[in-house]
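Chemist: With the input below, show me the fold.
(one chain, ligands or ions: 3)
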Amino acid sequence: MQLHVANHPLIDHKMTLLRDERTPSPVFRELVAELVNLLTYEATRGLHVEDVQLRTPVSEMTGTRVREPLPLAVPIIRAGLGMLDGFLKLMPNCEVGFVGIRRNEETLQPETYAKRLPDNLAHRQCFVLDPMLATGGSLAATVQFLKDAGASEITAICLVAAPEGVELMQREFPEDDVHVLVAALDERLNDDGYIVPGLGDAGDRLYGVAV
Ligand SMILES: O=P(O)(O)OC[C@H]1O[C@H](OP(=O)(O)OP(=O)(O)O)[C@H](O)[C@@H]1O
Ligand SMILES: O=c1cc[nH]c(=O)[nH]1
Ligand SMILES: [Mg+2]
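Modeler: Ligands and ions are numbered 1, 2, ... in the order given. Below you'll find the predicted structure:
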């Protein structure tokens, strides 16, 4: 697994607003969308493209377009859904697969309650969306589902990561075919498995505490 930390002043500025406990849900959602726009630009540098012939008002030229099959976006429900619109704004023709995972609050183990993915992901670039990489269990389970379906180029876009989660991903996926792009790499996990300083429970801050 290859880790990329965005390290950009605009992203850092928006992350500061996002982390603030006084930021209300509507603003939080808007900031997430803006951050995902910026991160998607960076995460899609390696998109597969093909040549296409066109004519400008001045001359013939060879341009490029994103090659088919188009990439698959995979938000991890719930909190990852908050990143989907921002991603699709830049990649409007992507198909979307869904994985629903909830962390067990006592064991911190991921529990999968929904999975709707194409059967065959060979030769398909996949972009996993989840704001939080804490212990890494939820992301590792999702990446494994994609690999089981044949995916070999997987990029996760996250907002905040803990070193513990990064280490788990590196242990589980030692090859270079998995990339994780994060807006911020934080200090550690606390005893409850929350990222410190983090931003709290991303799902609750996006959608409230309903289960
Ligand atoms: O790295 P991990 O230790 O697995 O934790 C990260 C997971 O925790 C959060 O989801 P949560 O379980 O709170 O579900 P929710 O999105 O429905 O709130 C977050 O969105 C990740 O999916
Ligand atoms: O800090 C954390 C850890 C896991 N899930 C969250 O939403 N926040
Ligand atoms: Mg949650």
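Chemist: switch to C-alpha atoms for all contacts and neighbour counts from now on
Modeler: OK.
Chemist: Show me where this structure has its strands.
Modeler: In the chain, the segments counted as strands under DSSP state E are 2-5, 49-55, 60-66, 72-77, 95-96, 98-103, 110-116, 125-129, 132-133, 153-161, 178-185, 188-189, 195-196.
Chemist: how far out from the middle of the chain is the second one?
Modeler: On the basis of Cα atoms, centre = their mean, to the nearest Å, the separation between the geometric centre of strand 49-55 and that of its chain is 29 Å.
Chemist: just to revisit the earlier point, the strands of the chain: which one's closest to residue 147?
Modeler: Among those, strand 153-161 comes nearest to residue 147, with 8.5 Å by Cα to Cα.
Chemist: ok, is that closest one in contact with ligand 1 or not?
Modeler: No: applying Cα under 6 Å from any ligand atom, one finds strand 153-161 out of contact with ligand 1, separated by at least 8.2 Å.
Chemist: what pairs with that strand, and is each one parallel or antiparallel?
Modeler: Paired strands of strand 153-161, with direction, are strand 125-129 (parallel), strand 132-133 (parallel), strand 178-185 (parallel) (DSSP bridges).
Chemist: follow-up on the earlier one: format the strands of the chain as a markdown table; extra columns: mean neighbour count.
Modeler: Conversion of the strands of the chain to a markdown table gives the following (neighbours: other Cα atoms under 10 Å):
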| stretch | mean neighbour count |
| --- | --- |
| strand 2-5 | 16 |
| strand 49-55 | 11 |
| strand 60-66 | 12 |
| strand 72-77 | 24 |
| strand 95-96 | 17 |
| strand 98-103 | 20 |
| strand 110-116 | 14 |
| strand 125-129 | 25 |
| strand 132-133 | 27 |
| strand 153-161 | 25 |
| strand 178-185 | 22 |
| strand 188-189 | 19 |
| strand 195-196 | 21 |
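Chemist: remind me which residues of the protein are low pLDDT?
Modeler: Scanning the chain with the threshold set as pLDDT under 70 gives 210-211.
Chemist: what does it have sitting close to ligand 2?
Modeler: So the chain meets ligand 2 at 132, 134, 193-195, 198, 200-203 (Cα under 6 Å from any ligand atom).
Chemist: These, buried ones only, as a ChimeraX selection?
Modeler: Buried members of those, defined by 16 or more other Cα atoms under 10 Å, are picked up in ChimeraX with:
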select :132,134,193,194,195,198,202,203
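Chemist: Output those of the residues of the chain next to ligand 2 also counted as contacts of ligand 1.
Modeler: Residues of those in contact with ligand 1 (Cα under 6 Å from any ligand atom): 132, 134, 202-203.
Chemist: Quick check: residue 151 touching residue 123?
Modeler: Yes: between residue 151 and residue 123 there is a contact under Cα atoms under 8 Å: 6.6 Å.
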